[in-house]
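1. this one's structure only:
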């Protein structure tokens, strides 16, 4: 599993997993709404179609933004443990990962800025505000986990959860798991918090000016982002996975629960979303801090 | 004997001070200032006064031989001379102030001077 | 000459002196060649004088000279800002603090020594009085009321110097005193000011996010970074200290570069308001590139240097397990994304506004300092070992000591992998079907007819309205305007009371005379 | 050299009347004559300063008409008196030189008499002699304040006159009591007999002398006239009044106090009075719209500081007081001359409009004056401030030092408001009187150069070994070691 060739194709595998989640996800949502939904491989077809079409660009910053988006998303994949392969992610540090996660959105934001379309700018400002909102509970959870396991590297977090279901953090630190799951919905931009794309209000937000291969790049970015979010949850709370299939099933279970929740929710405004993220999950995480870490946090 | 002089000078000083604070008219204040000064001068003189001695006039007949033991203490007398002259100077200036005050304010009532405050 | 060997004698002084000299040279080069004509000579002379004062300040160990130089620096800052109305709050706040420092100096002299190390030996309260000006100068919470006025009101040529060096004098002060008196610092002092610095950082970030002016936004961002460095220096933990110093260097480079670009734009267009600027990238591509690199470094995104220093500081806080404090700084860090993007979007990338005249790229010599700061910051991100050794030497620690050197080498790998991936993305982009560049009027209009005055069709005013609305109560509470108003009325009332003493009536004055004599007679009783 | 001491007093006294008469025809003659006299006076005092500093025991005693001290009157000049003498004559010459040509011969005559009185007061060693010169000083200041004969100056002069005459009466009573007790008028002899006085007698005499000198020195309850008189007087006079007249009165009182009343309780009372003076005048000064009145309040404030510094029994307190005095004289003289002439030119003394016609030299002068007045580091004011705080803390009065802080900041604010308005003004800057420009440039030069001289001479801060002092050389010889290079 951890040969050099595997390392080169890791982003491709992650992309395929991500695309498969998107395909299955759309079908699940359709099924919930009592319709059949598009074929499973529809997103894959979309990406291939987009990459092969002509496109228009607004300047070198527009291009650079898209490159950064793709490279940033791929970079995250390298540093999240894939099944039992933690070649690069072994020494990975969770605090640094927090900042690597920020490269891709920043790239996309730069690209949309040069697109000069007000819808795009509104979309990006909403995305950044939402990020400010959900980062508070996310950081509390990650700090909690780091202090609980005593070290910030993935290797220790994974080894602390080995030995049976009982050892998984989802059971030892349930509060953190709930808060992290709550944050994941916004992180992936799924329904209750998809304010940044918001098709009805701002014409698919940042994506509005992208076409052809630029939109293709962003689709790849979305797919990699889906993969990364689910993989992080699995590594943090479900003790990672020995084999590829076990890893895929665990990730899909997380994705499935998330899709079901987001399919039935209506979109909130940005201000209410940020307000909600600053109050309810923060209180939960703080109780988690007190419960699991005691007085050390002050 | 000196005690009643002291008492008189303290009385005069008191009268002078009271005059300054109670009067509203500037000229009356000037008068009470000179009363105050005379009180102080009297105090100064009475310090040097010795019962039954002569005034310290150097070339008078009685003191031709020697004035030791026969004359009152001359130093305060000298001081009083200068003090009176100074009092005169002050009074002259005060009166010119009163004139100018009358010219500018049409009144010499001190309580009218309220413009400069704070 | 004498000054040079004085600076070399002390590692800490060497670190700060090199940085200050470097900054001054770069800033002066920019100011001279950036075409800002009026008032340059006086500004340069005064800032040269200020730099000399700072160099001596870094080198001295004598408290009386330290106090003299510190007050001279305050007064020079007041003069350089040359906006008496706006910098009066700064003046009286730092003077108030400096007089407490003077009392601490006097007590140490009475104690019998002139050395800074002895300040803490007199008693802990003496140390706190000595450190009060450092807290005021850094703008930590109880003293952050002067920051808004001074930064926005000060002379545009001086604002870079102000935020890069003068705003951070407090950090040097704390380092100088704390490193010389280990173990004598009261615990409660460190705790209170770490949390106050945290709240200041979040408050400053909200102010920066909500501001409509580039200079104001940059100033508040530097206040939040300074608060972060201040807390990490206060923590006295090894990696936090190293992180603090490297971030001092990083922040100086970032603010120097960004302020240069913004001041250049102000010199050309006369305004720094977001809603009246836009689309400078077409005319100033290179300065945008460097500005972008510095912005990324400020936000702490990996390829650039910002992440190294922030990571060390976080590491320090996590080691000391002060989670609540580091949470505040994390929020401030994420907030930096918002105002960095706002700066990039509203100044360089938005739509061109009619009010902007003919603006050309900075001439080669003016852009040199900007390029230098961007490249150095990039170097810190990619290969940071020499910078960390430089900071460690300044603190008198050998480099290998910090437990976490595994972590930071790993960040170098991150940059390398990221470079490779960017290369792959570019190659793929070239191979894919061709794309053509279109002017901005061809944009997608959701089928609506394009308005004639296209340039007004841009979203760059009240950019983060929801978050600003949410944080409004918090920001207004901690900007202490209510305290300033109360204090002004209180002083006015006292003043009115005392003015009554000289009410102009002669009788009253006479009464005062007599009261003195009575007082003295009363004294006789006490004399017996 | 003794002859110079007498000459310094007698020359301006006679010249005063001569210049008045000379000026009856046209006042140019009297102005030139007065300038010459004051210049010679300045040169003489510089010679005396040089001589005293160089002499072994740092003092000269000039005896009048052959009578030895117990009986005759003597002029006594130790190193501190000589410093006061030098700077008094410097300020007198500077303010006259910067006076407008339109001032009449009355003005020149009075200025000369004022200088004579000042020199006499600084040098005299006989207590009644002090009273006589003090009276001359008061009378001449009343006349100078009332120079313009307008409503404002007359009102100020009346109040000053009444308070002044009460004070001089109190002073005379005090002197009478002292003479009754000791039988001599010579300061040194009285000092030797002072310790045997009873508590009551000491308190009464202290009270009388405090009121006597306090009114003229501007100590808190008695300085009400100061805030009306200084703005009402023409600017050279207000420069003189603020710069040297109140300081000489303070110096006299502290000289007598340090000789007769050595109990620590008296210095505590003075310390308190000084703090109250400083506090009240800064607080009220903060709200002044009238520029010259604002400067008057700042003068009263500095007097409070000097009173605190001089009343501390230690050597360093004495030196802090001296530095504060020199700094205040130069800075306040410069400020009053510049601000006074600007407000005369623009015709309005309100803080927003007074500096419409500020020329470049005015701006430089006000900036230099303001900064050195507030004690910005390189200036002497700064050294004075630091030494004052060190002296207060060393003498154990930490509470007083803490109380000082808010008021010093208040003063910094309102003085900088004044300086800021001047710098901000875009006046046309036509220069009315060339002499004034010369004076402003010379004073600014002195303000910049003097700190270097003083710091090199006596206060290497890291070698500041402050030890106690003994009464013998408290006032007589002390300042000389201090300024002749002994490290204090």
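-> Alright, I've got the coordinates. A quick note: this is a predicted structure, and the numbers were derived from the prediction, not measured.
2. I'd guess residue B:59 is in a strand, am I close?
-> No - secondary structure of residue B:59 (DSSP: H, G, I helix; E, B strand; the rest coil): coil, not part of a strand.
3. can you tell me how far it sits from chain D?
-> Noted for residue B:59: a distance of 20 Å to chain D, by Cβ to the nearest Cβ, to the nearest Å. (C-beta placed from N, C-alpha, C; glycine too.)
4. got it, and residue C:227?
-> Counting by Cβ to the nearest Cβ - residue C:227 and chain D are separated by 25 Å.
5. Please give the number of neighbouring residues around that residue.
-> 30 (other Cβ atoms under 10 Å in any protein chain shown).
6. Look up which helix or strand it falls in, please.
-> helix C:214-235 (DSSP states H and E).
7. what mean pLDDT does that helix have?
-> The average pLDDT for helix C:214-235 rounds to 92.
8. Low-confidence ranges, chain D, go.
-> By pLDDT under 70, the low-scoring segments of chain D are D:27, D:56-58, D:66-72, D:427-429, D:455-488.
9. quick revisit: quick check: next helix or strand after the helix holding residue C:227?
-> helix C:238-269.
10. Run the chain-centre distance for that next one.
-> Helix C:238-269 sits 8 Å away from the centroid of its parent chain (Cα atoms, centre = their mean, to the nearest Å).
11. Look through chain C and state the residue closest to chain B.
-> In chain C, the residue that lies nearest chain B is residue C:504 (3.6 Å; Cβ to the nearest Cβ).
12. Can you report how many residues lie near that residue?
-> Residue C:504, neighbours per other Cβ under 10 Å, totals 18.
13. Give me the nearest residue to it, chain neighbours excluded.
-> Among residues not flanking residue C:504 along the chain, residue B:117 sits closest, at 3.6 Å (Cβ to Cβ, 6 or more residues apart in numbering or on different chains).
14. helix/strand/coil for that neighbour?
-> Residue B:117 is classified as coil under three-state DSSP.
15. Do a quick rundown of the helices in chain B.
-> Along chain B, the stretches classed as helices by DSSP state H are B:2-22, B:26-48, B:74-105.
16. Pull the residues that contact the shortest one.
-> With contacts defined as Cβ atoms under 8 Å, 6 or more residues apart in numbering or on different chains, helix B:2-22 is touched by B:28-29, B:31-40, B:42-43, B:45-47, B:49, B:51, C:507, C:510-511, C:514, D:162, D:166, D:169, D:173.
17. How about the residues of chain C by chain B?
-> Proximity of chain C to chain B (Cβ under 8 Å from any Cβ of the partner chain) is limited to residues C:499, C:502-507, C:510-511, C:514.
18. can you do 6 Å?
-> Residues of chain C lying near chain B by Cβ under 6 Å from any Cβ of the partner chain: C:499, C:503-504, C:506-507, C:510.
19. And for the stretch 201-350 of chain D?
-> So the stretch 201-350 of chain D meets chain B at residue D:228 (Cβ under 6 Å from any Cβ).
20. Go through stretch C:209-225 and flag the buried ones.
-> Residues C:209-212, C:214-225 are the ones in stretch C:209-225 that count as buried (16 or more other Cβ atoms under 10 Å in any protein chain shown).
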